[in-house]
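Student: just coords:
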């Protein structure tokens, strides 16, 4: 009945980037998958493997059926490509 905006947030801002800050579902695209690309941040510091959580929602909508709903979060695993110090 109304557009639904789902904000996307990441738990570790120094480890990964995401290419979108929100997903918007409309009457025209509600059934079309939307892709979010998560990329590890490349630096020169050796770090242990870690995880980052991408959270979906809570939704913002004038449709009370969807307003405030959240999607499942996704956990991504980040490994480092920098050599350990000698």
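Tutor: Here it is on my side, so go on. Predicted model only: the values in this text are computed from it and were never measured.
Student: what is the residue lying closest to residue 66 once chain neighbours are set aside paired to in the beta sheet?
Tutor: In space, residue 66 comes closest to residue 4 once its chain neighbours are excluded; the distance is 4.7 Å by C-beta to C-beta, 6 or more residues apart in numbering. For the C-beta atoms, the positions are set from N, CA and C on the backbone; glycine is no exception. Applying DSSP bridges to residue 4 gives these bridge partners: residue 25, residue 61.
Student: I'd guessed residue 4 sits against residue 62; true?
Tutor: No. Contact criterion C-beta atoms under 8 Å: residue 4 and residue 62 do not qualify, at 9.2 Å.
Student: Compare these two and say which is more crowded by neighbours.
Tutor: Ranked by neighbour count (other C-beta atoms under 10 Å), residue 4 and residue 62 place residue 4 first, with 20 against 10.
Student: Can you name the residues that contact the residue sitting nearest the centre point of the chain?
Tutor: What sits nearest the mean C-alpha location of the chain, by C-alpha atoms, centre = their mean, is residue 54, with 3.8 Å. By C-beta atoms under 8 Å, 6 or more residues apart in numbering, the contact list for residue 54 reads 8, 9, 10, 11, 16, 18, 36, 38, 73, 74, 75, 76.
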